[in-house]
Structures are given as structure tokens and as C-alpha cells.
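**Q** missing the sequence, but the structure's below:
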């Protein structure tokens, strides 16, 4: 870290001095101030770089750990599924064997002439009610024409407006 800090400091000092030399002459105080500020900047840069490296290593370590955990889980899951598949296979083979044994005993005990069973009557299809016919719309009563003011006065007197 000290080596990187020193190189950063040197680079910053040289670049700042070149810029100042372009502007004008430097004094001893200015050089000291430049060196001091360059050291501060170099320290901050070194810290930032160290922090970034630390983040990168911690991320890679955590992702590696997660990958291992996932591999363990997958292995457990595969073992569990294999056990289940084996159980299911045993269950089906024993079930088939039992059925074959039962069918063999029932065939031997049943007489050769089996009575045919009467077919069950089919259930009637459910009928659906027809929707009621829509009612016709009732016509609205016609609106009476509105009489104007002179006609209304004339009709009140009993005279026509003609």
C-alpha cells in the first residue's frame, strides 16, 4: 500500500507542478502545499482501491460459498428423489403381483357360465329452461306542446290566437 501511495503522490505532484509551471513561477510554500495535498489525495486513492479489492474478494468468496451450499442441496435432493423412485417402483411391482394373484384366485372360483348383468339405464339428459322472451318496451306518452305567452293569455280569455 505504501508503494502505491508513493507512486500516486509522485504522479500527482508532477502533474500539478507542470500545470503551475505553465502558469508561472513556484515558491517553496507552494511546492510544500502541493506535496501535502498530493499525499492526502494519494492516501484517499489508496484506501478506495483497497476497498474495491476487498469487495471483489468478498463477493467471490460469498458466491463460492453459495455455490457449494447449492451443490449440497442438489445432492440431497437427488438422493431423496432416488429413494422415492425406488419406493414407488417397489410399490407398483408388489401391487401388480397382488392383483395378479387375486385375479387368478377369482378366475378359479367363478363358474364358467357367468350371468350377464343388465345394463343400467342411462340418466336422462338435463333439460335447460328456455329464457323468457324479453318484454316490449312501453312507449313514452307524447309530450304536450308548450304554449307561448300570447297563446296562453288568449286561451285563458277563451279566444283563439287567430
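**A** Nice, I can see it. As the structure is a prediction and not an experimental result, all values here were calculated from the model.
**Q** Could you use CA atoms for every contact and neighbour count after this?
**A** Will do.
**Q** and the longest helix along the chain, what other elements does it pack with?
**A** Counting residues, the longest helix found in the chain (DSSP state H) is helix 28-109. In terms of contacts (3 or more Cα pairs under 8 Å, 6 or more residues apart in numbering; DSSP states H and E), helix 28-109 is packed against helix 2-23.
**Q** tell me the mean pLDDT for the helix it packs on?
**A** On average, the pLDDT along helix 2-23 is 80.
**Q** helices or strands up against it?
**A** Applying 3+ Cα pairs under 8 Å, 6+ apart, one finds that helix 2-23 contacts helix 28-109.
**Q** how big is the angle separating the helix it packs on from helix 2-23?
**A** Counting by axes from the mean of the first three to the mean of the last three Cα atoms, to 10 degrees, helix 28-109 lies at 130 degrees to helix 2-23.
**Q** Begin at 28, not 1, for the rest of this chat.
**A** Okay, using 28 as the starting number, the last item reads as helix 55-136.
**Q** Assess the claim that residue 65 and residue 34 are in contact.
**A** No: Residue 65 lies out of contact with residue 34 (Cα atoms under 8 Å); the separation is 10.6 Å.
**Q** These two - which one has more neighbours?
**A** Neighbour tally, residue 65 and residue 34, criterion other Cα atoms under 10 Å: the higher count belongs to residue 65, 22 against 13.
**Q** List the residues that contact the more buried one.
**A** Residues near residue 65 by Cα atoms under 8 Å, 6 or more residues apart in numbering: 35-37, 39-40.
**Q** can you redo those residues as TSV with neighbour count and distance to residue 122?
**A** Shown next, in TSV, are the contacts of residue 65 (neighbours: other Cα atoms under 10 Å; distance: Cα to Cα, whole Å):
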residue	neighbour count	distance to residue 122
35	18	80
36	22	83
37	16	85
39	19	84
40	19	88
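**Q** quick one: which of the residues you listed is nearest residue 83?
**A** Among the contacts of residue 65, residue 35 lies closest to residue 83 (Cα to Cα), at 21.8 Å.
**Q** quick one: pLDDT of residue 165?
**A** Per-residue pLDDT puts residue 165 at 73.
**Q** Next: residue 105.
**A** pLDDT, residue 105: 91.
**Q** count of neighbours near it?
**A** Residues near residue 105, counting by other Cα under 10 Å, number 12.
**Q** I'd like to know how far it sits from residue 99.
**A** 10 Å (Cα to Cα, to the nearest Å).
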